[in-house]
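Asks: Next come a sequence and a model predicted from it.
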Amino acid sequence: MPALEPATDVLRQFSHGNVDAFESLFRQHQGDVYRWIVRIVRDPAVAEDVTVETFWRIHRAHARFDPSRSFEAWARRIATNAALDHLKSARPETELPDDLPQPALPDPGISQELREKTAQAFGRLPPKLRIAATLAVIEEQPYNEIAEALGISAGAVKLRVFRAVRLLRKDLKRQGIKP
Amino acid sequence: MTRDGQEHERMQRLLRQALPPTSNHPRAALQRDLWPAMRQRIEQGSFTVPWFDWALLAALVVWVALFPRAIPVLLYHL
């Protein structure tokens, strides 16, 4: 692994297209970027591919990076866009991975069937609304962080979450399910 | 809280039950180094010709085939 220090030097060299600096940043941030992406795509194998795609975009856009700004925030924004592109290209009703997390304390008032129908209906939501709802409601990330990653205001994030939940309720009602 | 607000809260609870957070999932953290895959992608990508260049070349070939007399004009402008 290349030894490039201090961090500002690495960022400056990366912005000039230095591959060693890029490798250093990749190794430093791949875990965080992956964790962010897996929250959105909810599939570890897909998250790995999207992480590589994210860093590929970062590599290509090196000249547009301003070394005086946060690399983490920039990378997270690119990761969110890459994850959004994946959600747009993936079929909405593709089967969910078997190793999805299970609720720590399942609510006995909510049947397994209702959980499955809800998850399927959620998968049919427009990707932009799904990302906002996933990060805000399911992953409970702060609104300002979601807003920064999506490149919109915190108010717009709240609006997307509201619309996502309303569409989800409508979808379930259409199936004769009263949530 | 309004009725709409209560319904919204109930839907959020249902959503969390249907799709629990990934934070406690064993594969929420990266299990392997992705640098080899990244390096392969960089090596492949550096030899990729953008689709637009291929489209431009195809248009040029068609143009030359349709208007062969234009070849000297084209060469003059190169």
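Replies: Sure, I can see it. Residues are numbered from 1 along each chain as shown, chains lettered A, B, ... in the order given.
Asks: tell me the SS of residue A:152?
Replies: Here residue A:152 is recorded as coil under DSSP: H, G, I helix; E, B strand; the rest coil.
Asks: Output the below-cut-off pLDDT ranges for chain A.
Replies: A:1-6, A:91-110, A:179 (pLDDT under 70).
Asks: what do you get if the cut-off is 80, keeping everything else the same?
Replies: Across chain A, the ranges flagged by pLDDT under 80 are A:1-7, A:91-111, A:178-179.
Asks: Secondary structure class of residue A:9, three-state.
Replies: Relying on three-state DSSP, one would call residue A:9 helix.
Asks: Pull the number of nearby residues for it.
Replies: When neighbours are defined as other C-beta atoms under 10 Å in any protein chain shown, residue A:9 has 14 of them. Where C-beta positions appear, they are placed from N, C-alpha and C, glycine not excepted.
Asks: before we move on, what about residue B:18?
Replies: Around residue B:18 there are 21 other residues, counting by other C-beta under 10 Å.
Asks: hang on, it packs against residue A:123?
Replies: No: taking C-beta atoms under 8 Å as the definition, residue B:18 is not a contact partner of residue A:123, at 10.4 Å.
Asks: Excluding chain neighbours, give the residue nearest to residue A:88 in space.
Replies: Leaving aside its sequence neighbours, residue A:88 sits nearest to residue A:127 (C-beta to C-beta, 6 or more residues apart in numbering or on different chains; 5.1 Å).
Asks: isn't the one you found right up against residue A:89?
Replies: No: if you go by C-beta under 8 Å, residue A:127 and residue A:89 don't touch, sitting 9.4 Å apart.
Asks: higher neighbour count, these two?
Replies: Each of residue A:127 and residue A:89 has its neighbours counted (other C-beta under 10 Å); residue A:127 has more, 18 against 8.
Asks: mind checking how far that one is from residue A:80?
Replies: Counting by C-beta to C-beta, to the nearest Å, the separation of residue A:127 from residue A:80 is 11 Å.
Asks: ok, now residue A:43?
Replies: Counting by C-beta to C-beta - residue A:43 and residue A:80 are separated by 16 Å.
Asks: Equivalent analysis for residue B:5, please.
Replies: 28 Å.
Asks: now residue A:178
Replies: 34 Å.
Asks: Mind checking which of those two has more residues around it?
Replies: Set residue A:178 next to residue A:80 and count neighbours by other C-beta under 10 Å: residue A:80 wins out with 21 against 7.
Asks: mind checking which helix or strand that one is in?
Replies: Applying DSSP states H and E as the criterion places residue A:80 in helix A:71-89.
Asks: so how far is the very next helix or strand once past that helix off the chain centroid?
Replies: Moving toward the C-terminus from helix A:71-89, the first helix or strand encountered (DSSP H and E) is helix A:112-123. Distance, stretch centre to chain centre, for helix A:112-123: 20 Å (C-alpha atoms, centre = their mean, to the nearest Å).
Asks: just checking, what packs against the helix or strand that comes right after helix A:112-123?
Replies: Counting by DSSP H and E, the next helix or strand C-terminal to helix A:112-123 is helix A:127-133. With contacts defined as 3 or more C-beta pairs under 8 Å, 6 or more residues apart in numbering or on different chains; DSSP states H and E, helix A:127-133 has these neighbours: helix A:71-89, helix A:112-123, helix A:143-150, helix A:154-174.
Asks: can we see that at 7 Å?
Replies: Helices and strands touching helix A:127-133, by 3 or more C-beta pairs under 7 Å, 6 or more residues apart in numbering or on different chains; DSSP states H and E, are helix A:71-89, helix A:143-150, helix A:154-174.
Asks: of all the ones you listed, which lies closest to residue B:32?
Replies: helix A:71-89 (17.9 Å; C-beta to C-beta).
Asks: Between helix A:112-123 and the closest one, find me the angle.
Replies: Between helix A:71-89 and helix A:112-123, the angle comes out at 100 degrees (axes from the mean of the first three to the mean of the last three C-alpha atoms, to 10 degrees).
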